[in-house]
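Trainee: dropping a prediction and its sequence here:
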Amino acid sequence: MSRLVRIFAWLVVAVAGALALATIALHRGEQINAMWLVIAAVCCYALGYRFYSGFIAAKVLALDRRRATPAERLDNGRDFVPTNKWVVFGHHFAAIAGPGPLVGPVLAAQFGYLPGTLWILAGAVLGGCVQDFVILFFSVRRDGKSLTEMAREEIGRLGGLIAYIAIISIIVILLAVAALIVVNALKASPWGAFTIAMTIPIALLMGLYLRRLRPGKVMETSLLGFVLVILAIWGGQWVSQNASLASWFTFSAPALAVVIIIYGFAASAMPVWLLLAPRDYLSTFVKLGTIGLLAVGIVGLRPTLHMPPLTRFVDGSGPVFAGSVFPFAFITIACGAISGFHSLISSGTSPKLIRHETETRMVGYGAMLAESMVAIMATIAACVLQPGTYFAINSPAGVVGQSPDAAVASISGWGFPVTAAGMHALAQAVGEQTLFNRTGGAPAFAVGMANIFSSSLGGQAVMAIWYHFAIMFEALFILTVLDAGTRVGRFMLQDALGHLWKGLGRTSWYPSILSTSALIVAAWGTFLWQGVKDPLGGINSLWPLFGIANQLLATVALCVATTIIIKMGKARYAGITLIPLVWLVAVTFTASLHKIFDRNPRIGFLAHAQLLAGSPRPQGDAVRLIFNDRLDAAVTATLICLVAVILVESAVEWRRVVGGRKQAAVKEAPFVISRLAEEEG
Amino acid sequence: MRPAQRSSRRTGSMISSARVPGSAIAERLMRAGTLLRAALREIFEESAYARFLARHRIPNSQEAYAEFLRECESLKARRARCC
């Protein structure tokens, strides 16, 4: 293609993107088609990948194809394996795609579709993709070192310690929030609980098939498991319609929380690989399939968005969670825009598979763009719902009232008409007893997804199947995150406690396994219990806490990246990580200060505790809620103190290097010429 | 990819430019399908198992798979799942 044609083609992409963004941003008072969001996203991603990541690759990082990667130099056929870039891309995407990009945008839709969409696009192209790309590249240059190791080497011992604390904090809070989403999705839902319960015998059957009949045939086994899960979803409707069977699978929120806590402990402490490994495969299979299906559904059916671009709740009075659009939209949507957790994956398995340095651009930057697209799809799934329906599902009883009549009166009073009869009919259509107060994001996403699919594939008759398919997908997905996260947390704790007493560091010693598993489960179980008992639904306090912890980890990653860029002698380009860092610090600090000190009891932890303490003779639940509020305030304060410390330590290091008081030297693996690159020409 | 495969791929692309467009599209689709399958095999650890068999020079069997699972258990257990 000639240069002129190329320039023209990119101009067309830029104009199409600008047009789509203008349509999204400037339309008021009439509904728009979801395709405008898709076109805006695709154009922004294409431009960001072609030009911004190209600039970073060429000018800032100077990717060198002739330099051998750790996958080539340390190739051992196990964890270090030179792998095709598309294969690594798929592997990396499967590892970073979690429930976050589905849930965050659904919750943030309370502000309307505009703030979330703009943040997802700008945050990903200028922040999240850059973070994933540079951390992956720096890890490749350092033999696949982890973020904690890089923080310790490049910033200092304190940096390493803070990275460690940030990782443990985010794991604990993430697991609590994830478990709360499952609880809210499955409470009083015999159909959903039955389907998830059925995944246990299905996984055991898969395990036997995989070990005894067809060793190593994981894809074939996962397909078989998938067919069985679909049958379980189909069978769930009879369970929900049969009074005695339904009573077996109807759980209250506290009962489900106890079951999940026991499950988390068992998954971490017991040798239950026969169950967990096949379920992990099944979860990945369903996840990739559903994301693909959703993409095809949105593009094929081009649904209309019923949510307005901006709602009255940008002022902070939202029922889903309290807090104004700045900073809370940017805390609520993490994984689709920028997520610190990704830096763990970018400095984990992926750098050990990269065949050529130049491929870090496609894997790091490209896979995050794909993840961001998932977040756009989740925004669409939430915004195709009628706003009244969306708020009825996502608003806690503590805000809109206990009875359906009270809830519809409150929501209609905000200007989003909804009726109790309409909500009852919708609940019947999806096979649930009620859809009021189903906080957490998962049920709203499931209803949105069912809405999109049932408009063509099977019609209203199979809406309940689509809904329960989506619920099963999210719950299975989250339970996998939960058991894997508990084990990772347990190993991290064992590694740390091993420095105090060697016995505790032995990962196969049972007393150590039991005690560290109990500690991790108790940590996230405390927050989960707090969320379950919270009259405001739990998500109101826990999701922002999770967002703050996640962005703290992103802050650590961006501090490490900025430090390395400055030490590479490229201080003039440090803005590529410094600007997202400054933005994240502003967002994290503002959100944290609001969550601790805001006078509105729905936002500020301390104000809420004070309100409860002010009531005559607080006892029972009130005393526990006061304790929870103070605990949340203390955790938030600790997290921002950690951000402040790592920022100061990094800034001191930057000043030393830029001022010439410290030699600008990076700790990279030595240059070795790539044999693979020479062979491939 | 081995050098022989690579050179045949290069040759293949030279030949394909002279072919009719339909077969070139089919070839591209085949290549995309192969890559997709390879990505899925990597995600679902079938490739890791194949490498394990090649490294230990043993045939596929129940015992070999059990040994593979034991070997990668500790690696997998430390692998975080993203949010």
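Mentor: Sure thing, it's come through.

Trainee: just the helices in chain B please.
Mentor: The residue ranges that make up the helices of chain B, judged by DSSP state H, are B:3-16, B:21-43, B:46-56, B:62-77.

Trainee: residues in contact with the last one: which ones?
Mentor: Counting contacts by Cβ atoms under 8 Å, 6 or more residues apart in numbering or on different chains, the residues outside helix B:62-77 that touch it are A:78-79, A:210-212, A:215-216, A:273, A:277, A:487-488, A:491, A:507, B:45, B:48-49, B:52-53, B:56, B:58. Heads up, the C-betas are built off the backbone N, CA and C, glycines and all.

Trainee: now the helices of chain B in TSV, with distance to A:Thr636 and mean neighbour count?
Mentor: Formatted as TSV, the helices of chain B follow (distance: least, Cβ to Cβ, whole Å; neighbours: other Cβ atoms under 10 Å in any protein chain shown):
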stretch	distance to A:Thr636	mean neighbour count
helix B:3-16	54	11
helix B:21-43	36	14
helix B:46-56	41	17
helix B:62-77	31	15
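
Trainee: A:Ala665 is nearest to which of these?
Mentor: Go through those one by one with Cβ to Cβ and the one that ends up closest to A:Ala665 is helix B:62-77, at 32.3 Å.

Trainee: between that closest one and helix B:46-56, how big is the angle?
Mentor: Computed with axes from the mean of the first three to the mean of the last three Cα atoms, to 10 degrees, the direction of helix B:62-77 lies at 120 degrees from that of helix B:46-56.

Trainee: convert helix B:62-77 to PDB, retaining C-alpha atoms only.
Mentor: The C-alpha trace of helix B:62-77 is given here as PDB (Å, rounded to 0.1, in the frame of the first residue of the first chain):
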ATOM      1  CA  GLN B  62      -2.600 -42.000  32.500                       C
ATOM      2  CA  GLU B  63       0.700 -42.200  34.500                       C
ATOM      3  CA  ALA B  64       2.400 -39.600  32.300                       C
ATOM      4  CA  TYR B  65      -0.500 -37.200  32.700                       C
ATOM      5  CA  ALA B  66      -0.700 -37.700  36.500                       C
ATOM      6  CA  GLU B  67       3.000 -36.900  36.600                       C
ATOM      7  CA  PHE B  68       2.500 -33.800  34.500                       C
ATOM      8  CA  LEU B  69      -0.200 -32.600  36.800                       C
ATOM      9  CA  ARG B  70       2.000 -33.100  39.800                       C
ATOM     10  CA  GLU B  71       4.900 -31.200  38.200                       C
ATOM     11  CA  CYS B  72       2.800 -28.200  37.200                       C
ATOM     12  CA  GLU B  73       0.700 -28.100  40.400                       C
ATOM     13  CA  SER B  74       3.000 -25.800  42.300                       C
ATOM     14  CA  LEU B  75       3.500 -23.600  39.300                       C
ATOM     15  CA  LYS B  76      -0.200 -23.300  38.700                       C
ATOM     16  CA  ALA B  77      -1.100 -22.800  42.300                       C
END
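
Trainee: so for that helix, mean pLDDT?
Mentor: Here the mean pLDDT over helix B:62-77 is 82, rounded to a whole number.

Trainee: equivalent analysis for stretch A:655-663, please.
Mentor: What stretch A:655-663 shows for mean pLDDT is 91.

Trainee: again with stretch A:426-436
Mentor: The pLDDT scores in stretch A:426-436 average 92.

Trainee: in the helix or strand containing A:Ala18, what's buried?
Mentor: Using DSSP states H and E, A:Ala18 sits within helix A:3-26. Judged by neighbour count using 16 or more other Cβ atoms under 10 Å in any protein chain shown, the buried positions of helix A:3-26 are A:Val13, A:Gly17, A:Ala20, A:Leu21, A:Thr23, A:Ile24.

Trainee: go ahead and confirm the fifth one touches A:Asn33.
Mentor: No: counting by Cβ atoms under 8 Å, A:Thr23 does not reach A:Asn33; the two are 9.1 Å apart.

Trainee: quick revisit: filter the buried residues of helix A:3-26 down to the ones near chain B?
Mentor: Residues shared between these and the neighbourhood of chain B: none [Cβ under 8 Å from any Cβ of the partner chain].

Trainee: any low-confidence regions in chain A?
Mentor: In the prediction, chain A carries residues with pLDDT under 70 at positions A:1, A:272-274, A:457-458, A:617-618.

Trainee: could you measure from the most centrally placed residue in it over to chain B?
Mentor: Among the residues of chain A, A:Gly100 comes closest to the average C-alpha position under Cα atoms, centre = their mean, at 2.2 Å. With distances defined as Cβ to the nearest Cβ, to the nearest Å, the gap from A:Gly100 to chain B amounts to 4 Å.

Trainee: identify the residue nearest that residue in space, chain neighbours excluded?
Mentor: Once its chain neighbours are removed from consideration, A:Gly100 has its nearest residue in A:Cys335; the separation is 3.1 Å (Cβ to Cβ, 6 or more residues apart in numbering or on different chains).

Trainee: over to A:Thr311?
Mentor: On the basis of Cβ to Cβ, 6+ apart, the spatially nearest residue to A:Thr311 that is not a chain neighbour turns out to be A:Gly112, at 4.6 Å.
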